[in-house]
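Colleague: With the sequence up front, the predicted model follows.
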2 protein chains.
Amino acid sequence: MNVQFAQDYFDKNRQTILDELFELLRLPTIGTDPKRLGDCARCATWLKQFLKPLGFDVELLTPDSGRPVPVLFAERLGENTAMNVLFYGHYDVQPEDPLPEWKTPPFEPTLIDGRVYARGAQDNKGQVFGVLQGIKALIEAGKPLPTLKILLEGQEESGSEALSLLAPKIASRIQADVLMVSDTSSGPNKQPSIVAGLRGVQHFTVTLTGPEHDLHSGVHGGVSPNPAQGMAALLASLHNPDGSIAVAGFSDRVRPPSQEEHDHAIKAALSDEQYEKEVGCPPAGGADGVNMMLRGSFLPTIEINGIHTGYGGPGSKTVIPSSALAKISMRLVPDQIPAETYLAVQKHLEAHCPRGMKVTLSEACRGAPGFRLPLNSPIFHLASEVLAEMDPRGALFRWEGASIPIVATLQRISGAAPLLVGFGREEDKIHCPNESFGLDQLVQCMTWSSLMVQALAK
Amino acid sequence: MNVQFAQDYFDKNRQTILDELFELLRLPTIGTDPKRLGDCARCATWLKQFLKPLGFDVELLTPDSGRPVPVLFAERLGENTAMNVLFYGHYDVQPEDPLPEWKTPPFEPTLIDGRVYARGAQDNKGQVFGVLQGIKALIEAGKPLPTLKILLEGQEESGSEALSLLAPKIASRIQADVLMVSDTSSGPNKQPSIVAGLRGVQHFTVTLTGPEHDLHSGVHGGVSPNPAQGMAALLASLHNPDGSIAVAGFSDRVRPPSQEEHDHAIKAALSDEQYEKEVGCPPAGGADGVNMMLRGSFLPTIEINGIHTGYGGPGSKTVIPSSALAKISMRLVPDQIPAETYLAVQKHLEAHCPRGMKVTLSEACRGAPGFRLPLNSPIFHLASEVLAEMDPRGALFRWEGASIPIVATLQRISGAAPLLVGFGREEDKIHCPNESFGLDQLVQCMTWSSLMVQALAK
């Protein structure tokens, strides 16, 4: 068993693997969209059909309440080993809009220069598929394997409702030693990394209403309250002029990084110049005077994801819009409590509601806390050895700013130690138009899963 | 000749008049939309065909540069009189969006309970059509008439570009004593009013750009600048917490009302309760502590007409949008100079551009100044007498917050005294979905034009 094993398997089965990946990517599995519920069910069934021939017992589960987006649970007993490995991934994807900015159709995967372009090409279908292909290659090679359990859900991008409800009910079946997840990225210069922590997340919608209907901004300007203007003031009030969060009580519990965490994080940081080159603007967000890496890893955010109000077409339309809508998400760090931070923001928005208007919060998700893992665990040592086989530079420790809300829940219920190793890159443009995934990254996922699962079987 | 003349004419010719009005309203004459240029030309031709049989010489004019939206100029020499009357109106309308909020199609006029629903039903096609019908009735009755000149343009809602270019070239032909305009509203409780001043207007688009493409708000939150958040802060900076304008230099030239203007304005004011009942929210816009009527008539505004950035659909999409767009319009009062106020706002926006982002201004119109007319002119006396015939309460003097940018230009070039008497009402919802115009208002326009034109012939 060597580091070439997965590459050789890929080269030999290239067309089949691509055909299967494209089938998976063609399903528009937007977990939040009621119209795509059927596609989510089709995708879960597709994954079931993929796993059954490999010797997995596969079940599609739906909870008694909430939206019936299926959760796939699969299990394959291992030989000669006491280890239990739980792999978690998600088959739902972000909405495809803004559609006009896609150069190829989001649900018609297209291979260009060794990269597959499609919504979900990386996040998370591409990475999940790579991991499963690595396991398939191992099984076909007849290698000794640990007991493997697989959980694939269709609501990660929108709060993992079904899996959160189901996990406690199947607690005994998902007990494991390691919780493998490949939904994260490599470090700078593509160096492999172990993600030792994630931020939590919570999101909601804010609506500000004023006049009963849109008004003529000449007749009513300076008289009627203006929800577009009010929303700008309301949202601006969330931050101080130095970019720090202005919401009372929001940051009270923030746990600063340990010296060791701090030092590892700094080691994995991009320079300002590298960041600007990759992203197209300087890293000027967040609190002034705090290192970029520390801001993204160890500080919470309140981020405006969208504002929509009034006219936006060509030329002008001189109206006072009757309402304004904003989408807000927060990223949370240990030891912030989602219900507490939501309440703090809600209180702030209500207290700062501009004169003559009404503010309403809706579509709030339950939220998930952030977590950070101890760096000196046996599983991190083993993973570091495997990643050193794949890359002579070895692995970095990183704390990603993104969230996989269900990981903390699964850690608690399964008793497993999370192991987050993924092979995303900035150029993948996840959550954006023209998301893509390199075939080299796909092979990295295969290599990682085949080597790590083998290592866990010993 | 009495006040019943127009009503009798309407009753006798009701079906023909409605058929003609509906023909006019069916043309989607959105002057800013290149796709509707043909409809604008068809509308100008329709108006030409309407006026020719009444003895007018009619020409459709287009300027050498700019968009070829036709300006109609018509002239009919008067008998036994030295008076020259210039009537100005516009046949273009505001865009129809948001389309889903219309209960009947915006360009399929629908008569419900004595009101015609359509985009432009009031502003300004309905009022123009009423005035022209009044004149038609007079002509058919063989009454002595003054010399009548008519200017109808298709770009009032977007800055009157063509007419501004053409007016100086036809200066000698548009010389007149009175400039009649019916593009304003009655006062509270439908009391007739003479509008003795209008605010000027200027509008433009602001774009704020940050990252090259939308970013994942978890990965990049707190690191990348966020244009949605930046736009909120940028727009919020335009006003002080008390609602007054915060742009340095913007308000320097504002001319306060005279005691007489102040007293007339207060007399025509709605109470806070009346306002809230009509509009659905309290009159809480503009500078705190200034009377509502004075804010709307004698103070300038900087109004946000729209903000669009990032996600706005159901649920959440956790992005940092790569850019944000806002539509802004300003209402100006005497003696503000449009070029100066635009420069002040531009400087302010550039100076307050948030870190790491770029602000760009585009689609700026040339702008038009506000004006106020002397209250003791002979033409105002005559108009007051006519309006007292129509309503025993007589006429109020009012200063509207809206703008008809070309009026100041036409006043200067034609030498005519503006006489702004219109019969709009708040319930007409101009510039909004479900714009409408009552048949009683249509008859008011007919009555006004027939009586006033007769009075000017004496």
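Modeller: Alright, I've got the coordinates. Numbers count the residues shown, from 1 in each chain, chains lettered A, B, ... in the order given.

Colleague: which residues touch A:L396?
Modeller: A:G187, A:Q191, A:P192, A:S193, A:I194, A:H264, A:K267, A:A268 (C-beta atoms under 8 Å, 6 or more residues apart in numbering or on different chains). All C-beta atoms are positioned from the backbone trio N, CA, C, and that covers glycine.

Colleague: among those, who's most crowded?
Modeller: A:S193 (25 neighbours; other C-beta atoms under 10 Å in any protein chain shown).

Colleague: Quick check: that residue touching A:S182?
Modeller: No. Counting by C-beta atoms under 8 Å, A:S193 does not reach A:S182; the two are 11.8 Å apart.

Colleague: Can you check which residues contact both of those two?
Modeller: A:V421.

Colleague: any chance you could map the strands in the stretch 51-200 of chain A?
Modeller: For the stretch 51-200 of chain A, the strands defined by DSSP state E, counting those that start in this stretch occupy A:57-61, A:71-76, A:84-90, A:110-112, A:115-117, A:147-153, A:178-181, A:193-198, A:200-209.

Colleague: just so I know, which of those strands lies nearest chain B?
Modeller: strand A:200-209 (4.2 Å; C-beta to the nearest C-beta).

Colleague: does the lengthiest helix in chain A come close to chain B?
Modeller: In chain A, with assignment by DSSP state H, the single longest helix is helix A:439-457. No. Figure legend: helix A:439-457 not in contact with chain B (C-beta under 8 Å from any C-beta of the partner chain); closest approach 16.0 Å.

Colleague: then that helix to PDB, C-alphas only?
Modeller: What follows is helix A:439-457, C-alpha atoms only, in PDB (Å, rounded to 0.1, in the frame of the first residue of the first chain):
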ATOM      1  CA  LEU A 439      -9.000  16.200 -10.700                       C
ATOM      2  CA  ASP A 440      -5.700  16.400  -8.700                       C
ATOM      3  CA  GLN A 441      -7.800  17.400  -5.700                       C
ATOM      4  CA  LEU A 442     -10.200  14.500  -6.300                       C
ATOM      5  CA  VAL A 443      -7.200  12.200  -6.300                       C
ATOM      6  CA  GLN A 444      -5.900  13.800  -3.100                       C
ATOM      7  CA  CYS A 445      -9.200  12.900  -1.400                       C
ATOM      8  CA  MET A 446      -9.000   9.400  -2.700                       C
ATOM      9  CA  THR A 447      -5.400   9.100  -1.500                       C
ATOM     10  CA  TRP A 448      -6.200  10.500   1.900                       C
ATOM     11  CA  SER A 449      -9.100   8.300   2.600                       C
ATOM     12  CA  SER A 450      -7.400   5.100   1.400                       C
ATOM     13  CA  LEU A 451      -4.200   5.800   3.400                       C
ATOM     14  CA  MET A 452      -6.000   7.000   6.600                       C
ATOM     15  CA  VAL A 453      -8.600   4.200   6.600                       C
ATOM     16  CA  GLN A 454      -5.800   1.700   6.200                       C
ATOM     17  CA  ALA A 455      -3.800   3.300   9.000                       C
ATOM     18  CA  LEU A 456      -6.900   3.100  11.200                       C
ATOM     19  CA  ALA A 457      -7.200  -0.700  10.500                       C
END
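
Colleague: Go through stretch A:169-180 and flag the buried ones.
Modeller: Buried residues in stretch A:169-180, counting neighbours by 16 or more other C-beta atoms under 10 Å in any protein chain shown, are found at A:I170, A:I174, A:A176, A:D177, A:V178, A:L179, A:M180.

Colleague: Oh, that last question was meant for stretch A:397-414, not what I typed.
Modeller: A:397-411, A:413-414.

Colleague: again, but for stretch A:280-294
Modeller: A:C281, A:P282, A:P283, A:A284, A:G285, A:G286, A:A287, A:V290, A:M292, A:M293, A:L294.

Colleague: Which of the helices or strands spans the residue in the stretch 1-150 of chain A positioned nearest to chain B?
Modeller: As assessed by C-beta to the nearest C-beta, chain B sits closest to A:T32 within the stretch 1-150 of chain A, at 3.9 Å. Here A:T32 sits in a region with no helix or strand, counting by DSSP states H and E.

Colleague: My read is that it contacts B:G315, right?
Modeller: Yes. At 3.9 Å, A:T32 counts as touching B:G315 under the criterion of C-beta under 8 Å.

Colleague: Now do the shared contacts for these two.
Modeller: A:S158.

Colleague: Shouldn't A:S297 be within a strand?
Modeller: No. Read with DSSP: H, G, I helix; E, B strand; the rest coil, A:S297 is helix and lies in no strand.

Colleague: Compare the strands of the stretch 51-200 of chain A and give me the one nearest A:G249.
Modeller: Of all these, strand A:200-209 sits nearest to A:G249, with 14.6 Å by C-beta to C-beta.

Colleague: Could you check how far the closest one is from the centre of its chain?
Modeller: 18 Å (C-alpha atoms, centre = their mean, to the nearest Å).

Colleague: That one and chain B in contact?
Modeller: Yes. Strand A:200-209 reaches chain B (C-beta under 8 Å from any C-beta) through A:V201, A:H203, A:F204, A:T205, A:T209.

Colleague: What's the first helix or strand after that strand?
Modeller: strand A:215-216.

Colleague: Who are the packing partners of the helix or strand that that following strand is followed by?
Modeller: Sequence order places helix A:227-236 as the next helix or strand after strand A:215-216, per DSSP H and E. Contact analysis of helix A:227-236 by 3 or more C-beta pairs under 8 Å, 6 or more residues apart in numbering or on different chains; DSSP states H and E lists strand A:200-209, strand A:301-310, strand A:323-332, helix B:227-236, strand B:301-310 as its packing neighbours.

Colleague: I'd like those laid out as a markdown table, including mean pLDDT.
Modeller: Below are those laid out as a markdown table (pLDDT from 0 to 100):
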| stretch | mean pLDDT |
| --- | --- |
| strand A:200-209 | 96 |
| strand A:301-310 | 98 |
| strand A:323-332 | 98 |
| helix B:227-236 | 98 |
| strand B:301-310 | 98 |
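
Colleague: from the buried residues of stretch A:280-294, which is closest to A:N84?
Modeller: Nearest member of the buried residues of stretch A:280-294 to A:N84, counting by C-beta to C-beta, is A:M293, at 34.2 Å.

Colleague: Would you check how far apart the closest one and A:E261 are?
Modeller: 11 Å (C-beta to C-beta, to the nearest Å).

Colleague: Could you do A:G218 as well?
Modeller: Counting by C-beta to C-beta, the gap from A:G218 to A:E261 is 57 Å.

Colleague: In terms of neighbours, single out the busier of those two.
Modeller: A:G218 (26 against 19).

Colleague: Excluding residues flanking it in the chain, which one is nearest the more buried one?
Modeller: Spatially, and ignoring its direct neighbours in sequence, A:G218 is nearest to B:A402 (3.0 Å; C-beta to C-beta, 6 or more residues apart in numbering or on different chains).

Colleague: Could you list which residues are in contact with the one you found?
Modeller: A:H216, A:G218, A:V219, B:T184, B:L198, B:R199, B:R331.

Colleague: what does A:L77 give?
Modeller: By C-beta under 8 Å, 6+ apart, the neighbours of A:L77 are A:T147.

Colleague: Next, it: phi, psi?
Modeller: phi -70, psi 140 (degrees, to the nearest 10).

Colleague: thinking again about what came up before, which residues touch the residue of the stretch 1-150 of chain A closest to chain B?
Modeller: A:P95, A:Q155, A:E157, A:S158, B:P314, B:G315, B:S316 are the contacts of A:T32 under C-beta under 8 Å, 6+ apart.

Colleague: hmm, back to that, ok, and the most crowded of the residues of strand A:200-209 next to chain B?
Modeller: A:V201 (28 neighbours).

Colleague: Go ahead and confirm that one touches A:R331.
Modeller: Yes. At 5.8 Å, A:V201 and A:R331 qualify as touching, with contact defined as C-beta under 8 Å.

Colleague: Overlap in contacts, the two.
Modeller: A:S403, B:G218.

Colleague: Hmm, A:A228 is touching B:T309, no?
Modeller: No. At 11.9 Å, A:A228 does not count as touching B:T309 under the criterion of C-beta under 8 Å.

Colleague: Understood, closing this out.
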